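>>> The following comprises the amino acid sequence and a computationally predicted model.
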Amino acid sequence: MVVLDHSSEEPSYRLIPVTREDIVLSKALTATWVQSSEQTVTFPAGGRRITKVHVHQGDTVKPGDVLIELKSDSLEEQIDELQYRIDKNRLQLSYLDQAQAADEETAYNNFVYNTKEIEDSDVAQYERDKAVLAQNYRYKREDLNDEIEFDTKKIAKLRAELSGSTIRSTMNGMVYSLKEGLEGSTSRKDEVVMTIVDGSTGYFEMKEPDYASYFREGEPVPLSIVYSSASGEYELLPHNMSSWGETQQFTILSAPDNEGIDVGTSGTLTVTLDRRDSVLSLPTGAIYRADGKPYVYILDEQGFRQINWIETGLEGNDRVEILSGLSEGDQVVR
């Protein structure tokens, strides 16, 4: 004999009510902190030995601080030599008036006292000699002035190179990048060897042109930073939207109290794509689909599950708008 003991087990369901809620569809985008001002340090000339690098990556600097020094001994010697030659030529130039006057006086005395009877031909010869004398002194003056002008231009160029021997900071900021092994190496003209950035005047930059139309001028946007000395919740404002293209800029409206944001720090910017306020809704996990059509499970009078077809509207991040098929307070099975 076999005895069967019949037992029933009630199914356990979690019931979710249909309620009126705000539905938000948002998108998380990445925005990166960049500086609005920077100084790129380059060498004005190539082939010069780098004698000293005064800063390290991460150092803070202010305007006028010496960053790099280049060898300048030969430049100073060349400048001194040229300056001596300029002074010498100027001195010679100042003596020409006296020398010309003395030669003209000698020529006149020779004409007057060495000529027994002055004839027209003698006068003509004297005038020619005087003209030749004046021309010779004019040429001397032109030669000296040409040399002074040439040396002056050359010395100006050397002084510019000498001033470039000491490369200084032009702004307040931090040494963000610095080429390794500079000290003792040879300079290369226009090579960028250092970048100084001013992190206090930066902005957040995003590269999401497909979502640019969802932002509005003057409308705050939330941004979150984690795992950084600048971690916290921020509010941003779209900046200079008329110039938006492949990149979009945002300035800080409010920020947590921290040590500041390092260049390159990224955060998650949240933009609202669509929303519905105070509409019938259910959590996304309570709605199912068959052939693309939405439905929910409800309980009949006997407590069994049955399908109830519905019409949905906006599908938000965690809730879905209910357009028809359910009323406020209805219970669905999840």
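Looks like it came in fine.
>>> Show the backbone phi and psi for I261.
phi -110, psi 130 (degrees, to the nearest 10).
>>> what's the burial count for E191?
Residues within reach of E191, counting by other Cβ atoms under 10 Å, total 11. Where C-beta positions appear, they are placed from N, C-alpha and C, glycine not excepted.
>>> That one - that's part of a strand, no?
No - looking at E191 with DSSP: H, G, I helix; E, B strand; the rest coil, it is coil, so not inside a strand.
>>> residue contacts, it?
Listed by Cβ atoms under 8 Å, 6 or more residues apart in numbering, the contact partners of E191 are T42, F43.
>>> what's the answer for R14, then?
V333, R334.
>>> 7 Å instead?
Counting by Cβ atoms under 7 Å, 6 or more residues apart in numbering, R14 makes contact with R334.
>>> Tell me the pLDDT of it.
Model confidence at R14, given as pLDDT, is 89.
>>> Partner strands of the longest strand anywhere in the chain and their direction?
In the chain, with assignment by DSSP state E, the single longest strand is strand 266-283. Applying DSSP bridges, strand 266-283 is found paired with strand 19-34 (antiparallel), strand 221-225 (antiparallel), strand 319-324 (antiparallel).
>>> out of the ones you listed, nearest to A124?
A124 lies closest, by Cβ to Cβ, to one member of those: strand 19-34, at 83.8 Å.
>>> still on that earlier bit, please compute how far the longest strand of the chain lies from its chain's middle.
34 Å (Cα atoms, centre = their mean, to the nearest Å).
>>> contacting residues around the following helix or strand past that strand?
Counting by DSSP states H and E, the next helix or strand C-terminal to strand 266-283 is strand 288-290. Contacting residues not belonging to strand 288-290 are listed as Y295, V296 [Cβ under 7 Å, 6+ apart].
>>> in strand 288-290, what's buried?
Using 16 or more other Cβ atoms under 10 Å as the test for burial, strand 288-290 gives no buried residues.
>>> For the protein, just list every one of the helices.
Counting by DSSP state H, the chain has helices at residues 73-113, 120-163.
>>> Output those helices in TSV, with mean pLDDT, distance to Y176 and mean neighbour count appended to each entry.
Below are those laid out as TSV (pLDDT from 0 to 100; distance: least, Cβ to Cβ, whole Å; neighbours: other Cβ atoms under 10 Å):
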stretch	mean pLDDT	distance to Y176	mean neighbour count
helix 73-113	87	30	13
helix 120-163	88	25	13
